[in-house]
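> Need coordinates for the below:
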Amino acid sequence: PHHTPVKRLMPDKPYLRDLVTLFWKTKRLAMEKSRQVMWSNTALLYAYWLAVSTPGAEIFIRSQQKEEAISLIDRARYAHINLPSWLQPELPVPVDAQHRAVFRVGNVEHESKIMALASGPHKIRSRTPTLLLDDECALWENYEESLAAATPALEGGGQYISGSSAYPGEYEDLIFDRMG
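The predicted model follows:
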């Protein structure tokens, strides 16, 4: 049988409002997170809002495996389909199993996209993201190289947000400003 998730509202917690404000006002952001603070869901909803409110936005969600990034995009889809119909932006391209890695929002002329990518330095090259959202990147191999590969793409004004559980390594060095 098909599992239908129970509709739950995001809790109205002051720290979530502060987190969204931080996302909105910060061009480059790297944070440690814990599961209990709902960082990933909040970041995904921010990415969805950015796609809906910015015609032509290209948002990339990177995770260790592409399937994990697709799962995160599914959360944005879930948020979309649970909005009242009068608040839902147009979805010009039907979303089906073959297009799970791309979530398209808006009309054809000003379409925004949320796309899933696996971690790795070569996945983001030649892309120009409006937002690059990295999730659980402390666990990636070659995080520093992946970040370096994304930097030229972000130089044109793209935003970078990353969050990961505490784990020793390159991401921890970034968080505590110890990268070379």
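> Tell me where this protein has helices.
Assigned by DSSP state H, the helices in the chain fall at 14-25, 39-53, 66-81, 143-154, 170-175.
> Mind giving me the packing neighbours of the longest one?
The reference is to helix 66-81. helix 39-53, strand 58-63, strand 102-105, strand 112-118, strand 131-135 (3 or more Cβ pairs under 8 Å, 6 or more residues apart in numbering; DSSP states H and E). Yep, even glycine has a C-beta here, placed from its N, CA and C like the rest.
> how big is the angle separating it from strand 112-118?
Per axes from the mean of the first three to the mean of the last three Cα atoms, to 10 degrees, the angle that helix 66-81 makes with strand 112-118 is 150 degrees.
> May I see the buried residues of helix 66-81?
Along helix 66-81, these residues count as buried under the neighbour rule (16 or more other Cβ atoms under 10 Å): Lys66, Glu68, Ala69, Ile70, Ser71, Leu72, Ile73, Asp74, Arg75, Ala76, Arg77, His80.
> quick revisit: in a markdown table: the helices and strands packed on helix 66-81, plus mean neighbour count.
What follows is the helices and strands packed on helix 66-81, written out as a markdown table (neighbours: other Cβ atoms under 10 Å):
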| stretch | mean neighbour count |
| --- | --- |
| helix 39-53 | 21 |
| strand 58-63 | 25 |
| strand 102-105 | 20 |
| strand 112-118 | 20 |
| strand 131-135 | 25 |
